[in-house]
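quick one: sequence and predicted model below, then my questions.
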Amino acid sequence: MDALILARMQFAANITFHILFPTITIALGWVLLFFRWRWLMSQRSGDMAHAQGWLDAYRFWTKVFALSFALGVVSGVTMSFQFGTNWPGFMEQVGNIAGPLLAYEVLTAFFLEAGFLGVMLFGHGRVSERVHLMATFFVALGTTLSAFWILALNSWMQTPAGHEVRGGVYHVSSWLEVIFNPSFPYRLTHMLLASALTCAFLLTGLSAWKVLKGVAQRSAPRVMRVGLTMAALLVPLQIFVGDLHGLNTLKHQPAKIAAMEGVWETQRGAPLLLFAVPDAERRMNHFEIAVPKLASLILTHQLDGQVQGMNDFINAHPPPLPVFFAFRIMIGMGLLMLATSWLGWWLLRRKRWQPAQLPRKLLWLFAGMTFSGWVATVAGWYVTEIGRQPFIVQGLVRTADVVAQVPAPMVGLTLALYMTLYLALTVAYIAVLKYMAEKPETPRPVDAGSPSLLQGARP
Amino acid sequence: MTPMDFDQALPVIFMALMGLSMLVYVVSDGYDLGVGMLMHRASDADKDVMLASIGPFWDANETWLVLGVGILLVAFPKAHGLVLGELYLPVTLMLVGLILRGVAFDFRVKARDTHKLTWDRLFFAGSLLASVAQGWMLGRYVSGFGVGWNYPLFAAAIAVALPMAYVLMGAAWLIMKTEGELQERAVAWARIAWAPMVGGLVLISMATPWVSPTVRERWFALPELIALMAIPLMTAGCLLAVRALLHTRQVRGPLCWLPFVLLVLVFVLGFLGLAYSLYPYVVLDQLTIWDAASSPEALKVILVGVCISVPAIAGYTVFSYRVFRGKTGELKYA
């Protein structure tokens, strides 16, 4: 394999591993703030049993947050190096645009979250209730801001705008156009919702595991209700936003859509391929199972709408096979999430929000879907990132032109090193979450110990 | 030298910012890497206290590395590619080390008890690997990635000396943050680490002019030499003061913070010396900061963000250190 493919694989391995954890923490930060707020409210109203439930939930999920955040930080440090080690030409050409966006991410977001994380995790009892709530808020804000900047950069790479070229180097002509480039609002919303859904299924799944293991006391029923409600509300919204995002892509990156749908020849009334094996060598599909005209209907909202094919973009369209399948995995997972969340919410409501009363098969389904958000999110990112190839900046800069001149064996060696490490850590992460969920909740009573609790109870 | 206009001064400002981030990184992650490398000498109870002492800080400490490398990336893109291309393997090893220690830190308290020892070992190993790799990288960078038998030797010497410096910092941090038996042990560790650290520093100070003619000319010219002597003399003073303090009773009591502060001063002085050696190169003898810099427009946009956010970052860093000031107690989530 050549160094370009290896460099891409290495970068993909890193960014795949990295995105797993921000996907959880972006939304979990706000969920923690919600738990915290519910605890304060129920404490004020004097309902101590209720309050304890929210506090237990907050404590358990803070640990999950800490672990996920740590993995996000260390893999994020790796990312900041790999721009230079793998794609030195990228920053040389578009550094004037990408640089400030990355700098703002580090300055506004990374530090905000890392700075207040210590106070949020360990500061309870050392600072007042209000300051602690503020620290939690800043951590949540930091993770979201981080997503804002990095998605602004990624979207600019997909749909560049607001730039001019002087002497082979890209310069900014309008920062507003760079940041709010055509695909940015869609991508940001799509990703924030993806994070919320990943978090919702994690909440639901681990709570179901607690119920199955018989260790669910106070927190699990509340958390599962929050998780299922979030999922039931947001999955339909995500499907709607995803459709808008797709239409935006059709307008700005038609080659990506062609690969996603496996369309070779430009045609009116294009069929939707439920299954196919696109063959880039022979420029055709094998084993097609198609629904006539449906792709045109979905993409153009007209039965006879025209869909451009990959043959219009010779040497400028992505490899169809991975894009085609990743897209179907994302969609399939999304539909499964829709069915699970609606069925689950409805049944749980009928059981008066007592998950222990639910059929065990349903609990097993929830537990099995714990990391379904990861699958959908990663598949979605593969669609959008591989779908941008062979460009690193759509239509402007080719990936092959910016790759580092590092010998292939060296890239291969470090790739193997990273892959081993990431696989081991992902396994360890899942195993530890499972173990944490199985441990019985130790009842730390509300009215003993922590002085800040009493402060919070004061009117 | 002709006076610079603002556009020409921008790369200098960013070089200073990058240097500052790297300095804050080396000092702050230095002590927590040092604590990590002392782990294997500690008892189980001590380990919990040692980790609790760095628990609230390590995330933010590592973020300075992201900022430093980030500035290199965004302000000096040509240098970023050159430097990280040269240091491809050690960068990977450092990152593997940082990943291992970062996650081990969180995993050890959450995993089942039988796995705790494994995570502790990984925490130690990761800290050591990251420190050694950083030393090697520093050695290669300072000597401008020179080719020849003496350059790798020089880098290897720093790869030993820098971890020792971190260990000394870590021990001084523990002297400040702990009490009783563990503090007593930290004093003993500091005494052991002092000599190799000083030896390494002397070696580097003598070897740098030897491997680099550019640096030699900058330092050994009159009358600059006389003014510059302040740096090594003050460094020597600080280090001797640390040595003397470690034998006093006060270091266990009211002066427990002093060795740490003096060591921070040593790092600052070392950094100033290094900055004087390198300026105006971002890669010694190859690339000046003006050759490597991004466009003035881009740098100005970043500078606005820096001017707003760096004071805020400084503010809440101080706040966090104040919240967790004093001797370390038990660390509990929320």
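Perfect, I can see it now. Numbering: from 1, shown residues only, chains lettered A, B, ... in the order given.

residues touching the residue of the stretch 101-250 of chain A found nearest chain B, list them.
Nearest residue of the stretch 101-250 of chain A to chain B, counting by CB to the nearest CB: residue A:118, 3.0 Å away. To be clear about C-beta, it is placed using only N, CA and C from the backbone, and glycine gets the same treatment. By CB atoms under 8 Å, 6 or more residues apart in numbering or on different chains, residue A:118 lies in contact with B:55-57, B:59-60, B:320, B:323-324.

and if you look at residue B:150?
Counting by CB under 8 Å, 6+ apart, residue B:150 makes contact with B:210-211.

against chain A, how distant is it?
24 Å (CB to the nearest CB, to the nearest Å).

quick check: which element contains residue A:289?
strand A:284-291 (DSSP states H and E).

for residue A:273, grab phi and psi.
Dihedral angles of residue A:273 (phi, psi; degrees, to the nearest 10) stand at phi -90, psi 110.

circling back: now for the contacts of residue A:118, which pair is the farthest apart?
Greatest spatial distance in the contacts of residue A:118: B:59 and B:323, 14.4 Å, computed using CB to CB.

neighbour count for those two, which is higher?
Ranked by neighbour count (other CB atoms under 10 Å in any protein chain shown), residue B:59 and residue B:323 place residue B:59 first, with 26 against 18.

quick one: buried residues of stretch A:173-181?
A:178-181 (16 or more other CB atoms under 10 Å in any protein chain shown).

follow-up on the earlier one: mind giving me the packing neighbours of the strand holding residue A:289?
strand A:272-279 (3 or more CB pairs under 8 Å, 6 or more residues apart in numbering or on different chains; DSSP states H and E).

residue A:17 contacts residue A:422, correct?
Yes - counting by CB atoms under 8 Å, residue A:17 touches residue A:422, with 4.3 Å between them.

so for those two, which sits in the more crowded spot?
residue A:17 (24 against 20).

OK, contacts around that one?
Counting by CB under 8 Å, 6+ apart, residue A:17 has contacts A:75, A:418, A:422, A:425-426.

same question for residue B:188.
Taking CB under 8 Å, 6+ apart, we find residue B:188 in contact with no residue.

any idea how far residue A:39 is from it?
45 Å (CB to CB, to the nearest Å).

cool, residue A:172 as well?
Distance from residue A:172 to residue A:39, by CB to CB: 46 Å.

burial count for the closest residue to residue A:387 other than its chain neighbours?
Spatial nearest neighbour of residue A:387, chain neighbours left out: residue A:256 (3.7 Å); criterion: CB to CB, 6 or more residues apart in numbering or on different chains. Residue crowding around residue A:256 was assessed by other CB under 10 Å; the count is 26.

helix or strand right after the host helix or strand of residue A:256?
In this structure, residue A:256 sits in helix A:254-261 according to DSSP H and E. Sequence-wise, the next helix or strand downstream of helix A:254-261 (DSSP H and E) is strand A:267-268.

and that next one, which strands flank it?
According to DSSP bridges, strand A:267-268 forms sheet pairs with strand A:306-307 (antiparallel).

where does chain A have low pLDDT?
Scanning chain A for pLDDT under 70 picks out A:1, A:216, A:441-459.

does residue B:234 really touch residue B:269, like I thought?
Yes - Residue B:234 lies in contact with residue B:269 (CB under 8 Å); the separation is 5.7 Å.

who has more neighbours, these two?
residue B:269 (20 against 15).

surely residue A:158 meets residue A:395?
No - applying CB under 8 Å as the test, residue A:158 and residue A:395 come out as separate, 9.9 Å apart.

quick one, which of the two is more surrounded?
Higher neighbour count among residue A:158 and residue A:395: residue A:158, with 25 against 14, using other CB under 10 Å.

what residues sit buried inside the strand holding residue A:289?
Under the neighbour-count criterion of 16+ other CB under 10 Å, strand A:284-291 has A:285, A:290 buried.

do stretch A:322-341 as well
So, applying 16+ other CB under 10 Å, buried residues of stretch A:322-341: A:322-331, A:333-334, A:336-338, A:340-341.

which one's more surrounded, residue A:172 and residue A:39?
residue A:39 (23 against 19).

which non-adjacent residue is nearest the more buried one?
Per CB to CB, 6+ apart, closest to residue A:39 is residue A:54, 3.8 Å.

isn't the one you found right up against residue A:42?
Yes - using CB under 8 Å, residue A:54 makes contact with residue A:42 at a distance of 6.2 Å.

neighbour-wise, which of those two wins?
residue A:54 (24 against 18).

report the contact partners of the more buried one.
Contacts here follow CB under 8 Å, 6+ apart; on that basis residue A:54 touches A:35-36, A:38-39, A:42, A:219, A:222.

can you rerun that using 6 Å?
By CB atoms under 6 Å, 6 or more residues apart in numbering or on different chains, the contact list for residue A:54 reads A:35, A:38-39.

ditto for residue B:151
By CB under 6 Å, 6+ apart, the neighbours of residue B:151 are residue B:143.

okay, and the nearest residue to residue A:162 once chain neighbours are set aside sits in which element?
Nearest residue to residue A:162, sequence neighbours excluded (CB to CB, 6+ apart): residue A:177, at 2.8 Å. Assigned by DSSP H and E, residue A:177 belongs to helix A:175-179.

which helices and strands does that helix pack with?
Counting contacts by 3 or more CB pairs under 6 Å, 6 or more residues apart in numbering or on different chains; DSSP states H and E, there are no secondary-structure elements packed against helix A:175-179.

residues of whatever helix or strand comes next after it that come out buried?
With elements assigned by DSSP H and E, the helix or strand that comes after helix A:175-179 is helix A:184-212. By 16+ other CB under 10 Å, the buried positions in helix A:184-212 come out as A:184-212.

how about stretch A:254-267?
Applying 16+ other CB under 10 Å to stretch A:254-267 flags A:254-264, A:267 as buried.

re earlier: now, which of the contacts of residue A:118 sits nearest residue A:286?
residue B:59 (49.4 Å).

from what I can see that closest one touches residue A:117, true?
Yes - counting by CB atoms under 6 Å, residue B:59 does reach residue A:117; the two are 5.3 Å apart.

common neighbours of these two, please.
With CB under 6 Å, 6+ apart, residue B:59 and residue A:117 have no common neighbours.

who in the stretch 151-300 of chain B is up against chain A?
B:294-295, B:298 (CB under 6 Å from any CB of the partner chain).

would you turn those into JSON lines with neighbour count and secondary structure?
Shown next, in JSON lines, are these (neighbours: other CB atoms under 10 Å in any protein chain shown; DSSP: H, G, I helix; E, B strand; the rest coil):
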{"residue": "B:294", "neighbour count": "28", "secondary structure": "coil"}
{"residue": "B:295", "neighbour count": "18", "secondary structure": "coil"}
{"residue": "B:298", "neighbour count": "24", "secondary structure": "helix"}
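
which residues in the chain form strands?
Just going to use chain A. A:163-166, A:169-172, A:267-268, A:272-279, A:284-291, A:306-307, A:391-393, A:397-398 (DSSP state E).

look at chain B instead
B:281-283, B:287-288.

for chain B, which spans come out with low pLDDT?
Residue ranges of chain B with pLDDT under 70: B:1-3, B:329-334.

which non-adjacent residue is nearest the residue nearest the centre of chain B?
Nearest to the geometric centre of chain B sits residue B:26, at 1.5 Å (CA atoms, centre = their mean). Sequence neighbours aside, residue B:267 is the residue nearest to residue B:26 in space, at 6.2 Å (criterion: CB to CB, 6+ apart).

next: residue B:208.
Of all residues not flanking residue B:208 in the chain, residue B:215 sits nearest, at 5.3 Å (CB to CB, 6+ apart).

distance-wise, check the one you found relative to residue B:223.
Counting by CB to CB, the gap from residue B:215 to residue B:223 is 18 Å.

just residue A:217 next, same as before
Where residue B:223 is concerned, residue A:217 sits at a distance of 76 Å (CB to CB).

which of the two has more neighbours?
Shown here are residue A:217 and residue B:223; by other CB under 10 Å, residue A:217 has more neighbours (15 against 7).
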